[in-house]
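Asker: Sequence and predicted model, in that order:
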Amino acid sequence: MTLRRDEWVVLEDLGEQQEGVWMTGTRPLEKRYRAATAVRAVAGRGLCELAPDDVLDGLAGGGTRPGWAARITALGRTVLTYRALLENPGPAVEPAPAPTGLRVRGTDVDVLRSALAAIEAGALAGIDALALRGALAGAVPVAGFRQHTLTAGEEGLAAVLSVLHLESLVRDSSGYHHLIGQLPPSP
């Protein structure tokens with residue numbers, strides 16, 4: 001499930017705030033486009049945090065109490081960075097053959113390669129570059145399909161899931177759900 005336009009507006013506004021500064025619900029009219037609903041949706045995805053009542057009271061400062069206040073989380077900043085990197089993907093990493101594993105779509109392998117280049121360039125933090133490189137090294141095209149078989153250890157799978165989760169928040173969630181559907185249920 002990707003973000004709607006109004007949710008992107010809120011996330012971008014939050015991203016313009018200094019680290020740890022609350023953005024209040026008393027924004028100019030052009031910035032209020034469904035902001036209260038959008039900020040709750042963005043918070044529900046972990047991209048921002050909503051201020052508790054005591055913080056809202058403190059932000060009033062003797063004046064009108066804002067309807068809401070939010071600040072961006074580390075995941076929200078990562079999503080904004082990832083979205084910016086989509087327009088300038090890095091060079092592809094050539095995979096080496098591997099015997100068996102999970103199936104990922106060819107377009108998702110392209111996303112993983114671009115993310116790896118961004119991670120190695122220092123533009124995308126929080127994902128293990130070595131584990132992702134190892135997972136991509138095990139990507140083998142499946143004959144007759146636009147899919148690859150991916151063999152990865154626990155760390156590699158975590159890195160792949162992290163990138164596809166970012167992709168699901170920014171643009172397309174089908175690759176993330178395709179991979180999740182192949183994993184065994186948690187005990």
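Answerer: Yep, it's here. The structure presented is a predicted model; accordingly, all values stated were derived computationally and were not measured.
Asker: Going by neighbour count, list what's buried in stretch 121-136.
Answerer: 124, 127, 129, 131, 132, 133, 134, 135, 136 (16 or more other C-beta atoms under 10 Å). From N, CA and C alone the C-beta is placed, and that goes for glycine too.
Asker: Could you tell me the end-to-end distance of it?
Answerer: 17 Å (C-alpha to C-alpha, to the nearest Å).
Asker: Which element, helix or strand, includes the spatially most central residue of the chain?
Answerer: By C-alpha atoms, centre = their mean, the chain has its centre lying nearest to residue 166, at 2.5 Å. Assigned by DSSP states H and E, residue 166 falls within helix 154-170.
Asker: next helix or strand past that helix?
Answerer: helix 174-180.
Asker: buried set for stretch 155-163?
Answerer: Quick answer for stretch 155-163 (16+ other C-beta under 10 Å): 156, 157, 159, 160, 161, 162, 163.
Asker: so which of the residues you listed comes closest to residue 45?
Answerer: In terms of C-beta to C-beta, no member of the buried residues of stretch 155-163 lies closer to residue 45 than residue 162, at 14.7 Å.
Asker: Distance-wise, check the closest one relative to residue 78.
Answerer: 9 Å (C-beta to C-beta, to the nearest Å).
Asker: thinking again about what came up before, possible to save the buried residues of stretch 155-163 as TSV with distance to residue 25 and pLDDT?
Answerer: Output for the buried residues of stretch 155-163, formatted as TSV (distance: C-beta to C-beta, whole Å; pLDDT from 0 to 100):
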residue	distance to residue 25	pLDDT
156	42	88
157	40	87
159	37	91
160	38	91
161	34	90
162	31	91
163	33	92
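Asker: which one of these is nearest residue 117?
Answerer: residue 163 (11.5 Å).
Asker: now the strands for the chain?
Answerer: Along the chain, counting by DSSP state E, strands occupy 23-24, 48-50, 69-72, 102-105, 139-141, 147-150.
Asker: Out of those strands, the one nearest residue 179 is which?
Answerer: Here strand 102-105 is closest among the strands of the chain (C-beta to C-beta), at 6.0 Å.
Asker: Give the buried residues for that closest one.
Answerer: 102, 104, 105.
Asker: Point out where this protein drops to low pLDDT.
Answerer: 1, 26-34, 87-100, 185-187 (pLDDT under 70).
Asker: which ones are touching the residue nearest to the centre of the chain?
Answerer: Going by C-beta atoms under 8 Å, 6 or more residues apart in numbering, residue 166 touches 78, 79, 82, 115.
Asker: That concludes my questions; thank you for your assistance.
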